[in-house]
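>>> I'll drop the sequence and a predicted model, then ask my questions.
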Amino acid sequence: IAKVLADLGDEVQRIYVLIRPRRRADGGEIAPAERLQQLYETSLFARLRLDPARWARLRDKVVPVTIDERRADLGLSAADRHRLISEVDTIFNSAATVVFDEPLSVSLQANIDGPMALLELAHESGRPVNFVHVSTAYVNGQRHGVIADEELPLDRDMRQVIEGLPPAYDPVADVADCRAVCERTRDASRSAEQTRRFKREILAQHKSLSRKLTKSRLDRLTEERRQRWVDRRLVDEGMSRARAHGWNDVYTYTKAVGEQMLTLHRRDLPLVIVRPSIIESSLLDPEPGWITGLKVMDPLLAAYGRGMVPDFPARQDITLDLIPVDKVVNTTLAAASTATPDHVQVYHIATGDENPVRVSEVFEYVRAHFLAAPMLDRDGKAPKLPVWRYPSLRTFRLIF
């Protein structure tokens with residue numbers, strides 16, 4: 001949003017931003033318009049705020065739209081749906097869950113159902129809406145070597161691609177089977193026998209308490225235990241299916257199948273797929289090092305800066321394919337202009353082997369940063385920052 005307004009603002013008539021409501025700590029709701037206002041107040045828009053008149057004009061072009069991504073129709077109001085169908089000529093989908101061990105049901109909804117709902121919206125317009133889908137370079141799963149900028153096969157999973165096996169995979173059937181497994185798991189969790197087991201376990205845990213559980217509290221604890229039981233099984237199901245099909249985890253598995261589903265159902269809609277590697281803080285725009293929150297590698301780096309990670313099991317020469325977020329934004333916007341109904345355009349946004357950064361180099365940069373700008377403890381002391389020796393995984397586990 002910030003990049004489009006800053007550099008393309010005069011060419012763009014309207015930006016519709018699909019936003020979920022969010023809950024406050026006190027249970028109240030943060031409306032989409034309020035969430036957008038909170039975004040405007042960050043450093044991301046500082047450059048635009050320097051010119052109040054232009055900023056006011058540009059800000060009026062951005063319209064928040066309330067959605068419920070759990071619903072097949074995205075929970076759009078009739079008025080919002082009509083405006084999107086009649087006005088929008090480019091859709092950018094970057095919403096996803098990036099958790100590697102998410103329950104299969106959650107990954108299906110976020111990484112497949114969500115993009116497909118947006119694709120359906122584009123089809124309803126009856127116009128050649130450009131659809132730009134942000135995926136991940138790691139849809140290539142366990143493949144090695146040079147990988148071309150091209151769409152995934154639609155009749156093979158990654159295991160069959162790697163092993164050179166003949167086509168024997170149907171993404172549509174696979175998604176249907178995933179849904180069936182999720183539904184069977186939920187049904188099993190609600191069976192009378194399983195419900196009795198949950199309640200016995202809860203009562204056994206609480207038998208040492210002097211006061212008895214009320215029926216309402218017992219029912220609530222039973223529902224919480226049921227949901228945890230379902231989630232654990234769907235986490236295991238997602239990971240095992242992903243690895244059986246040649247992907248590393250449920251995230252890359254569902255992102256890959258999401259690509260296949262979009263390609264299969266796009267008809268003649270111009271589709272562009274961009275595949276970033278590990279997205280990290282900005283190189284230049286809006287300022288060097290800009291990022292929101294602790295993302296991807298950041299928790300590990302922050303923990304090292306606090307002296308909490310004395311070593312790390314890794315090959316020093318492995319490429320850590322980091323890509324600055326502003327490079328991803330620039331490439332994604334540029335890629336949109338190449339959309340064509342003739343075929344799917346695919347772009348990897350990564351350093352690859354042309355400009356690789358090794359694990360050991362990243363560590364040296366990080367250590368130098370924290371030595372120069374230490375993260376002081378409550379007593380104002382800088383933590384000890386050890387030099388990593390990169391032990392084997394076996395040695396690392398023995399030590400820790």
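Cool, the structure landed. What you see is a predicted model; the values in this text were computed from it and never measured. Residues are numbered from 1 along each chain as shown.
>>> Can you name the residues that contact Arg70?
Taking Cβ atoms under 8 Å, 6 or more residues apart in numbering, we find Arg70 in contact with Gln109. Where C-beta positions appear, they are placed from N, C-alpha and C, glycine not excepted.
>>> how about the strands in the stretch 1-150 of the chain?
15-19, 22-23, 29-30, 62-66, 90-93, 130-134 (DSSP state E, counting those that start in this stretch).
>>> whoops, the stretch 251-400 of the chain was the one
So, for the stretch 251-400 of the chain - with DSSP E, counting those that start in this stretch - the strands run 271-276, 278-280, 322-324, 345-349.
>>> Return the list of strands paired to the first one, each annotated with direction.
Read it as strand 271-276. Applying DSSP bridges to the sheet, strand 271-276 is found paired with strand 130-134 (parallel), strand 345-349 (parallel).
>>> can you put the ones you listed in CSV and add mean neighbour count?
CSV is the format used below for the strands paired with strand 271-276 (neighbours: other Cβ atoms under 10 Å):
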stretch, mean neighbour count
strand 130-134, 23
strand 345-349, 20
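>>> In TSV, list those along with distance to Leu271 and mean pLDDT.
TSV is the format used below for the strands paired with strand 271-276 (distance: least, Cβ to Cβ, whole Å; pLDDT from 0 to 100):
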stretch	distance to Leu271	mean pLDDT
strand 130-134	5	97
strand 345-349	7	96
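>>> so which of the strands of the stretch 251-400 of the chain is the most packed in?
Greatest average neighbour count among the strands of the stretch 251-400 of the chain goes to strand 271-276 (a mean of 24), per mean count of other Cβ atoms under 10 Å.
>>> Below-threshold pLDDT in the chain: ranges please.
208-211 (pLDDT under 70).
>>> hmm, back to that, quick one: which of the strands of the stretch 1-150 of the chain is nearest Ala244?
strand 130-134 (24.9 Å; Cβ to Cβ).
>>> Go through the helix or strand just after that closest one and flag the buried ones.
Using DSSP states H and E, the next helix or strand after strand 130-134 towards the C-terminus is helix 158-163. The neighbour-count check on helix 158-163 (16 or more other Cβ atoms under 10 Å) flags Met158, Arg159, Gln160, Val161 as buried.
>>> residues contacting the second one?
Read that as Arg159. Counted by Cβ under 8 Å, 6+ apart, Arg159 has contacts Leu165, Ala244, His245, Gly246.
>>> Put the buried members of these into a ChimeraX selection.
Applying 16+ other Cβ under 10 Å to these leaves a buried subset, and the ChimeraX line that selects it is:
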select :245,246
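>>> Tell me which two in the contacts of Arg159 are the farthest apart.
Spanning the widest gap among these are Leu165 and Ala244, at 13.2 Å by Cβ to Cβ.
>>> what's around the residue lying closest to Val17 once chain neighbours are set aside, how many residues?
Distances taken as Cβ to Cβ, 6 or more residues apart in numbering place Pro64 nearest to Val17, at 5.3 Å, with adjacent residues excluded. Number of residues near Pro64 (other Cβ atoms under 10 Å) recorded here: 19.
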